[in-house]
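Visitor: Next input, structure requested:
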Amino acid sequence: MNVVVSRIEDVAVDIRAFEFTPLDGQSLPGYEAGAHIDICLPGVVRQYSLCGRREATGAYMVAVQRDAASRGGSIAMHALRVGDVLRIEGPRNHFPLEAAATESILFAGGIGITPLLAMAEHLAALNSSFELHYCVRERSRAAFRDRLDSPALRERSFLHVDAERGSPALDAALAMGAPAPGKHLYVCGPGGFMTHVLTTAQQARWDDAHLHREYFSAPAQASDAASPHDAFNVRLAKSGRVIPVSASQTVIEALAAHGVRLETSCEQGVCGTCLTRVLEGEPDHRDVYLTEAERAGNDQFLPCCSRSRTPELVLDL
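Guide: Numbers count the residues shown, from 1 in each chain. Predicted structure coming up:
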């Protein structure tokens with residue numbers, strides 16, 4: 001749908017919030033905490049978590065951190081002005097709250113607060129048991145402090161400021177505590193922060209099914225991550241066509257070169273847009289979207305970044 005930028009607000013250093021309302025005046029579709037929308041920008045499509053209160057404002061809100069190393073998304077967003085018209089898609093939710101959870105522990109690092117703020121407000125409205133731990137380098141970089149200081153969240157939100165003397169440092173093990181059957185953990189933020197939280201949970205023997213994460217970008221691959229088959233073939237089950245994938249190509253690129261185009265967005269294995277079913281062969285998973293259990297099933301993969309451990313993959317295309 002097409003939306004208009006109806007409000008822009010700086011909510012922290014280098015972080016700007018944007019509100020969107022539909023052009024035709026109709027109500028926007030509802031969504032659950034953790035959802036995102038795809039925003040179509042000049043030459044790129046980017047995903048941003050919804051962090052507003054649609055029920056109260058009738059608008060969608062996202063918050064975007066300006067990134068000096070941006071591939072085009074954040075710079076384009078920070079160039080927007082009130083009145084600009086954009087095309088959006090969604091909402092979609094790859095990071096939902098677990099409905100059966102009896103306790104939720106939320107960890108946000110930097111701009112990772114966006115989906116977790118929506119989760120915290122939803123859990124507070126349900127009077128559910130939860131804590132939110134928000135880590136930033138400097139207090140001026142903490143977004144939405146007014147909402148975190150609201151009566152609903154004040155007693156259950158904890159701000160950890162790295163550069164501030166007297167600010168409590170995050171003790172991830174203490175914050176998450178011991179695993180329990182109804183206890184779930186959610187984390188979003190920079191790669192190093194997420195690795196620390198997830199590794200701490202894994203060392204405490206948390207079940208991976210109770211660990212929920214959303215990446216904003218893919219972590220760097222290890223230098224020894226070469227596929228056993230640097231070049232391989234993909235066979236399209238519906239037509240029988242065999243398409244070679246060279247060592248320097250992604251599967252997406254190889255398919256496009258032969259006229260087969262799949263919908264993509266992040267092209268880093270983060271968003272799940274290009275998720276494709278695998279009928280035969282063993283993928284070499286290089287994404288951060290699938291869970292370990294989903295990877296072990298070897299029946300789906302992300303062709304934007306993943307490769308093959310067998311000479312051929314048969315795809316449901």
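Visitor: Surely H94 and V270 touch.
Guide: No - look at H94 against V270 with Cβ atoms under 8 Å: they stay out of range, at 9.4 Å. To be clear about C-beta, it is placed using only N, CA and C from the backbone, and glycine gets the same treatment.
Visitor: ok, these two, which is more surrounded?
Guide: A direct count of neighbours by other Cβ atoms under 10 Å for H94 and V270 places V270 higher, at 22 against 17.
Visitor: nearest spatial neighbour of that one, skipping sequence neighbours?
Guide: Taking Cβ to Cβ, 6 or more residues apart in numbering, and ignoring the residues beside it in sequence, V270 has Y215 as its nearest neighbour in space, at 5.0 Å.
Visitor: Kindly report the same for Q300.
Guide: Closest residue to Q300 apart from its sequence neighbours, by Cβ to Cβ, 6+ apart: R277 at 5.4 Å.
Visitor: related to what we said a few turns ago, overlap in contacts of H94 and V270?
Guide: Shared contacts of H94 and V270, defined by Cβ atoms under 8 Å, 6 or more residues apart in numbering, comprise Y289.
Visitor: rewinding a little: pLDDT score for the residue nearest to Q300?
Guide: In this model, R277 is scored at 96, pLDDT.
Visitor: How about the contacts made by the residue nearest to V270?
Guide: For Y215, the contact set (Cβ under 8 Å, 6+ apart) comprises C188, G191, M194, V270, V288, Y289.
Visitor: Relative to S49, how far out is it?
Guide: Separation of Y215 from S49 (Cβ to Cβ, to the nearest Å): 12 Å.
Visitor: Find residues that contact each of these two.
Guide: Counting by Cβ under 8 Å, 6+ apart, the residues touching both Y215 and S49 are C188.
Visitor: could you give me the average pLDDT of the helix or strand hosting F18?
Guide: Using DSSP states H and E, F18 maps to strand 15-22. For strand 15-22, mean pLDDT is 96.
Visitor: tell me the mean pLDDT over whatever helix or strand comes next after that strand?
Guide: Remark: after strand 15-22, the chain's next helix or strand is strand 36-41, criterion DSSP H and E. The average pLDDT within strand 36-41 is 92.
Visitor: Just the C-alpha atoms of stretch 43-50, please, in CSV.
Guide: Only the C-alpha atoms of stretch 43-50 are listed here, as CSV (Å, rounded to 0.1, in the frame of the first residue of the first chain):
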residue,chain,number,x,y,z
GLY,A,43,16.8,1.1,-5.4
VAL,A,44,16.4,-0.9,-2.1
VAL,A,45,13.8,-2.5,0.1
ARG,A,46,14.4,-2.5,3.8
GLN,A,47,12.7,-4.0,6.8
TYR,A,48,11.9,-2.0,9.9
SER,A,49,10.2,-3.1,13.1
LEU,A,50,6.9,-1.5,14.0
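Visitor: What are the buried residues along that stretch?
Guide: Using 16 or more other Cβ atoms under 10 Å as the test for burial, stretch 43-50 gives V45, R46, Q47, Y48, S49, L50.
Visitor: Looking at those, which is nearest A101?
Guide: Nearest to A101 among these is S49, at 19.3 Å by Cβ to Cβ.
Visitor: what's the spacing between that closest one and E32?
Guide: Shown here: S49 relative to E32, a distance of 12 Å by Cβ to Cβ.
Visitor: what do you get for A257?
Guide: Distance of A257 to E32, given as Cβ to Cβ: 38 Å.
Visitor: returning to that earlier point: pLDDT check: weakest of the buried residues of stretch 43-50?
Guide: pLDDT across these is lowest for V45, at 85.
Visitor: element containing the closest residue to that residue other than its chain neighbours, please.
Guide: Of all residues not flanking V45 in the chain, S265 sits nearest, at 4.8 Å (Cβ to Cβ, 6+ apart). Applying DSSP H and E as the criterion places S265 outside every helix and strand.
Visitor: where in the stretch 151-300 of the chain is pLDDT low?
Guide: Across the stretch 151-300 of the chain, the ranges flagged by pLDDT under 70 are 217-229.
Visitor: 50 instead?
Guide: Low-confidence segments of the stretch 151-300 of the chain (pLDDT under 50): 222-226.
Visitor: now the strands: where do they sit in it?
Guide: Using DSSP state E, counting those that start in this stretch, the strands of the stretch 151-300 of the chain run over 157-161, 183-188, 211-214, 232-236, 242-245, 276-280, 283-284, 300-301.
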